[in-house]
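Colleague: Below are the sequence and a predicted model for it; my questions follow.
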Amino acid sequence: NESEQAKMFLAYCYYNGIGVERSVEQAMEELEKLSDSKHPLAYYQSAQIVKEQYGEEQGELLIELLLKSADLGYVQAQVDLMNIYAEGKYVPECPQLCIEFAQKASIQGHPEALFTLAICLIKGYGTKKDKIKAKELLKLAADRGSSDADEILKSL
């Protein structure tokens, strides 16, 4: 709704010092007002501030915020979680969760998620190997602009 969007914009302004004095604390206070929001961007924006300001020190909070955003369907949060679980940053590496979030983002056509899911299928990372399905996903990723997918397709 418009009230939530206004709070997110105000938080963005505080965080970036646009028209107001820069204040991470004020930005987080505005975003905290959205703690019961059903707007995925509110959680994602909060997660980005936590990541930039606190890093691994607040990794648990970062994951919590990304999960809320991803559960509300925000594709970039799903992709971020896919990468976090693949890399084992902030949390232990977890191939199954990497695959889960790659699948969620792939359904929305995200090229990086399609590519990652294809690579997981080629390597058998967190799933059974399936080169036929991997090729299909690589084609979709390439069609959506992934030059990496295009290169791998040429080598298969």
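Modeller: Now that the structure is in, tell me what you want to look at.
Colleague: Which parts of the helix or strand Val79 falls within count as buried, going by neighbours?
Modeller: Take DSSP states H and E as the rule and Val79 turns out to sit in helix 75-87. For helix 75-87, a neighbour-count test (16 or more other CB atoms under 10 Å) marks Val75, Gln76, Ala77, Gln78, Val79, Asp80, Leu81, Met82, Asn83, Ile84, Tyr85, Ala86 as buried. The way it works is simple: take the backbone N, C-alpha and C, and place the C-beta from them, glycine included.
Colleague: And those residues, which is closest to Lys7?
Modeller: Taking CB to CB as the measure, Lys7 sits nearest to Ala77 out of the buried residues of helix 75-87, at 18.5 Å.
Colleague: So the closest one sits against Gln45, correct?
Modeller: No: Ala77 lies out of contact with Gln45 (CB atoms under 8 Å); the separation is 10.4 Å.
Colleague: circling back to that earlier point, residues touching the helix or strand following the helix holding Val79, excluding its own?
Modeller: Sequence-wise, the next helix or strand downstream of helix 75-87 (DSSP H and E) is helix 95-107. If you take CB atoms under 8 Å, 6 or more residues apart in numbering as the criterion, helix 95-107 is touched by 70, 75, 78-79, 81-83, 85-86, 112-114, 116-117, 120, 125-127, 137.
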